[in-house]
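A.B. asks: sequence plus the predicted model coming up.
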Amino acid sequence: LEDNIAKAEGWLARLRETGVRHRIDGEDCESEKSFETLSPADGRPLARVARGGAGEIDAAASAAAKAFPTWRDTPGRERRAILHRIADGIVARAEEIAFLECLDTGQALRFMSKAALRGAENFRFFGDRAEAARDGRNLPSPTLMNVTTRTPIGPVGVITPWNTPFMLSTWKIAPALAAGCTLVHKPAEFSPITARLLIEIAEDAGLPPGVWNLVNGFGEDAGKALTEHAGIRAIAFVGESRTGSQIMRQGAATLKRVHFELGGKNPVIVFDDAEIERALDAVIFMIYSLNGERCTSSSRLLVHRSIHDEFVARLTERVNAIRVGHPLDPETEIGPLIHPVHVDKVASYFRAARAEGATIAAGGEVMEGAGCYVRPTLFTDATPGMAIAREEIFGPVLTVLPFETEAEALAIANGTEYGLTAYVWTENLTRALRFTEKLEAGMIWVNSENVRHLPTPFGGVKASGIGRDGGDWSFEFYMEQKHIGFAT
Ligand code: NAD
């Protein structure tokens, strides 16, 4: 741990000195205002961050508009080559990215060490599709040769949250660049560090100035200004459902196209014929990895009553054995939560559980001392109407709900405002087909935890999102479809 902290401090030293600045049109820029990004492990300031507002957003949007025609017309194979070089640059700095991401977010190194590589993979995947993204179709009629083409929509805004910020930024930015869009990125104020590394890597890889601009700041000023800017054609947003509604209102006057990846309260449903050992591993992994600060986490466990007691007993034992510790300790499974404000939110559900009459089978408390540490928590004896069973807590907190029948399981699973993911454990294929057909979720895994495959669609229904990412779905958002009819 001591060695890892020293290593991270080495990388941080440069940012401490310069601060985390904006990057607009290939230049570093300061703002009159600034704020500090804090270490969730001990609350100390990590670096000073420029706090942009409407002026910086306007400069960045102008740079993106100026760079757009050239980037749009850059041949696909050249854009592909640059995206691959960005991926190479990420791989070369993967350790630095992982260590600084851990310091800035509190995520455990054992999970973050792979996040940078996943980010590189996003650039390779979408880079490989840059040429074909424009492909059109020929739809002839008796009197017309009908041709369709696709063109990039224009400069776009990308707004990202604080959970796994590096990976999520690449997930949004790589397809935008592959499509031929230019962009302004506004990262989350709680975790701005790795977004700065990412744009440095992109420019070192030969991305022309102004194609990608970075403005740091808060949602209510920089974020708001970006969504309201007339020169920005679309907003790709990942964050809370409530913020999504605000962005829709803010973007209404300029008719923004929006793509939203929002909150979730995802169910994992374990039937009595499930392979218990595998199900148990997956249940643990999907809520107690990444600090539970994960949009696709299974935060509600629906378990058949006949196996409930045994399953919960084994689960409790496992939850109590989870190692909570410093994010840079290789042994750590759960690190500190992002910020004291978020600790307060998660702790409010510990109180709610007690007040509503649920049982706290494990955890349920904020840990003493410095840092944003909470104990991994398991709520049992809950009912579907309780706040702990309906609201997104976004921490290492699992609520168990027993069920008797398939119909009851379905009603509970669908009984929240969200619909991002769901997980079903049963050996009965007919039941799996019947059940998944009726589940209200954008993504469902049967007998598996969440395993991301980039060509597949990613996104949610109901309050969990609008639109899909992945494969060609990403290009549908970042591009306009055009039809041209030639008389024959
Ligand atoms: P948040 O909505 O508070 O903030 C996200 C981003 O939006 C930040 O950059 C913030 O500055 C900005 N923002 C806030 N108010 C804004 C406004 N009025 N206008 C423009 N921008 C504004 O979310 P968070 O707390 O950072 O992230 C956690 C949330 O993200 C959870 O709800 C989680 O489920 C969700 N999430 C969803 C997915 C998904 O794929 N569905 C992935 C990751 C996270």
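C.D. replies: Looks like it arrived, so ask away.
A.B. asks: contact residues of this structure facing the ligand?
C.D. replies: Contact residues (CB under 6 Å from any ligand atom) of the chain with the ligand: 159-163, 168, 186, 188-189, 218-220, 223-224, 227, 238-240, 243, 246-247, 250, 261-264, 295, 392, 394, 420, 460, 464-465. Heads up, the C-betas are built off the backbone N, CA and C, glycines and all.
A.B. asks: those residues in helices, which ones?
C.D. replies: Per DSSP state H, helices hold the following members of the residues of the chain next to the ligand: 168, 224, 227, 243, 246-247, 250.
A.B. asks: narrow the residues you listed to those that are buried.
C.D. replies: 168, 224, 227, 243, 246-247, 250 (16 or more other CB atoms under 10 Å).
A.B. asks: residues contacting the spatially most central residue of the chain?
C.D. replies: With distances taken as CA atoms, centre = their mean, residue 168 lies nearest the centre of the chain, 4.6 Å away. The contact partners of residue 168, by CB atoms under 8 Å, 6 or more residues apart in numbering, come to 160-161, 238.
A.B. asks: could you rerun that using 10 Å?
C.D. replies: 115, 119, 122, 158, 160-162, 187-188, 195, 238-239, 261, 295 (CB atoms under 10 Å, 6 or more residues apart in numbering).
A.B. asks: wait, doesn't residue 44 sit right on residue 36?
C.D. replies: Yes: using CB atoms under 10 Å, residue 44 is in contact with residue 36, at 9.3 Å.
A.B. asks: and residue 410, which of the three is it?
C.D. replies: helix (DSSP: H, G, I helix; E, B strand; the rest coil).
A.B. asks: if I look at the residue nearest to residue 203 when sequence neighbours are not counted, how far off is residue 90?
C.D. replies: Counting by CB to CB, 6 or more residues apart in numbering, residue 203 lies nearest to residue 26, which is 6.5 Å off, once chain neighbours are set aside. Applying CB to CB, to the nearest Å, the value for residue 26 to residue 90 is 19 Å.
A.B. asks: who has more neighbours, these two?
C.D. replies: Applying other CB atoms under 10 Å to residue 26 and residue 90 shows that residue 90 carries more neighbours, namely 26 against 16.
A.B. asks: strands - which of the residues of the chain next to the ligand land there?
C.D. replies: Per DSSP state E, strands hold the following members of those: 159, 186, 238, 261, 465.
A.B. asks: now for those, which pair is the farthest apart?
C.D. replies: In these, two members sit farther apart than any others by CB to CB. They are 186 and 465, at 18.7 Å.
A.B. asks: please identify which of those two sits among more neighbours.
C.D. replies: Taking other CB under 10 Å, residue 186 and residue 465 do not tie; residue 186 has more neighbours (31 against 26).
A.B. asks: check the more buried one and give its pLDDT.
C.D. replies: Looking at residue 186, its pLDDT stands at 98.
A.B. asks: identify the residues contacting it.
C.D. replies: Contact analysis of residue 186 by CB under 10 Å, 6+ apart lists 22, 52, 56-57, 60, 157-160, 192, 195, 213-219, 222-227, 235, 237.
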